[in-house]
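1. What shape does this take:
(one chain, ligands or ions: 1)
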Amino acid sequence: MKEVTVRAPATVSNVVCGFDCLGFAIDGPFDEVTARRSDRSGVSITHEDGFGLPTDPEKNVAGVAVAALLAEAQADFGIEIIIEKAIKPGSGIGSSGASSCGAVVAANWLLEEQFPPEKLIEFAMEGERLASGSRHADNVAPCILGGFVLVRSIDPVDVVRLDFPPLFATVIHPQIEVRTAEARAVLPELVPLASAVRNWSNLGAFIAGLEHGDYDLIGRSLVDEIVEPARRGLIPHFEEAKAAGISAGAIGGGISGSGPSMFMLSKTRERAEIVRAAIGEAYETTGIAFNTYVSEIVGHGASLR
Ligand code: HSE
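-> Take a look at the predicted model:
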């Protein structure tokens, strides 16, 4: 195989009670990443989108991720990466993760699928380190594996694909940029033990709710008293948007990743559309432009186009 194109989905990470360790994939928007075998060693990057992202492979998330893969493979060829982004950088729905996952999944096809998903997650995390100064896998793991994924450990990579009932996500993306590095800088270094207990109780209950299809338990568990209070001030009108979603019948929701996107979960697509309309109506009054997406939570991650 000389050239391959992969679709890499947007992802919602943290999922309120699972900071840095829980995420899920949605079926749109997605980036398209092409990898082409090249006689020139190393990685080259071309962007076919209007976001002005760096093309120096050492400064590009896909570049560093594929360089890590090529080094480990000891490949005797190079790879050209062509990226067509639909997921806006700084959106909170895994934009950097989609670039690096799309690139490593595509590159792995050129290497006849030499690497298992855990290794691809490890390579893609190099992109996350470049983008935010921190290695975390709660976007890249679901981007590669699809569905809901719990990241038990990043060193070594140990991820758990979770069972889940039908669920639909409504995502609202205010058209402002929140850089993950800045959103991490506002987080507390130490947290009260009682808050930590409540957060891991909610995370455990959330996963049990997914497993048993217990939507009420899922909703009750979407609570976070550590990260959301520190970050909500970065997202204009967060409380109004969240309240509008809950009033419209969403199970629950909160900040998507490091924001500014927000998400709500619903049992059906019809409900997710009602939630979309309600949040849209509430947000229109703010004067801030926004996009919305409704998507089923899908069981597949980055895959061939
Ligand atoms: N878990 C990460 C964070 C996701 O919230 O900072 C952003 O990439």
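2. List, one by one, the residues from the stretch 101-250 of the chain near the ligand.
-> 132, 136, 138-139, 180, 183-184 (CB under 6 Å from any ligand atom). Glycine gets a C-beta too; all of them are placed from N, C-alpha and C.
3. which other helices and strands contact whichever strand in the chain runs longest?
-> Longest strand in the chain by number of residues (criterion: DSSP state E): strand 22-38. Where contact means 3 or more CB pairs under 8 Å, 6 or more residues apart in numbering; DSSP states H and E, strand 22-38 is packed against strand 3-13, strand 78-84, helix 95-110, helix 140-145, strand 148-154, strand 168-174, strand 290-296.
4. in the chain, what residue sits furthest out from the centroid?
-> What lies farthest from the middle of the chain is D39; by CA atoms, centre = their mean that is 32.9 Å.
5. if I pick that one, what's in contact with it?
-> With contact taken as CB atoms under 8 Å, 6 or more residues apart in numbering, D39 is in contact with 77-78.
6. go on, L210?
-> 148, 162-165, 218.
7. same deal with S41?
-> The contact partners of S41, by CB under 8 Å, 6+ apart, come to 76-78.
8. Of those - the most surrounded one?
-> The member of the contacts of S41 that has the most neighbours, counting by other CB atoms under 10 Å, is G78 with 18 neighbours.
9. I'd assumed S44 was in contact with that one.
-> Yes - using CB atoms under 8 Å, G78 is in contact with S44, at 7.2 Å.
10. for the residue lying closest to G63 once chain neighbours are set aside, helix, strand, or coil?
-> Spatial nearest neighbour of G63, chain neighbours left out: P57 (2.9 Å); criterion: CB to CB, 6 or more residues apart in numbering. Judged by DSSP: H, G, I helix; E, B strand; the rest coil, the three-state class of P57 is coil.
11. how many neighbours does P57 have?
-> Using other CB under 10 Å, P57 has 20 neighbouring residues.
12. What distance do you get for it to the ligand?
-> Computed as CB to the nearest ligand atom, to the nearest Å, the P57 to the ligand distance reads 21 Å.
13. Check which residues of the longest helix along the chain are buried.
-> Determined from DSSP state H, the single longest helix within the chain is helix 193-212. By neighbour count with 16 or more other CB atoms under 10 Å, helix 193-212 contains the buried residues 198-199, 202-203, 205-207, 209-210.
14. Dump those residues to a markdown table, plus pLDDT.
-> As requested, the buried residues of helix 193-212 are arranged in a markdown table below (pLDDT from 0 to 100):
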| residue | pLDDT |
| --- | --- |
| R198 | 97 |
| N199 | 97 |
| N202 | 98 |
| L203 | 98 |
| A205 | 98 |
| F206 | 98 |
| I207 | 98 |
| G209 | 98 |
| L210 | 98 |
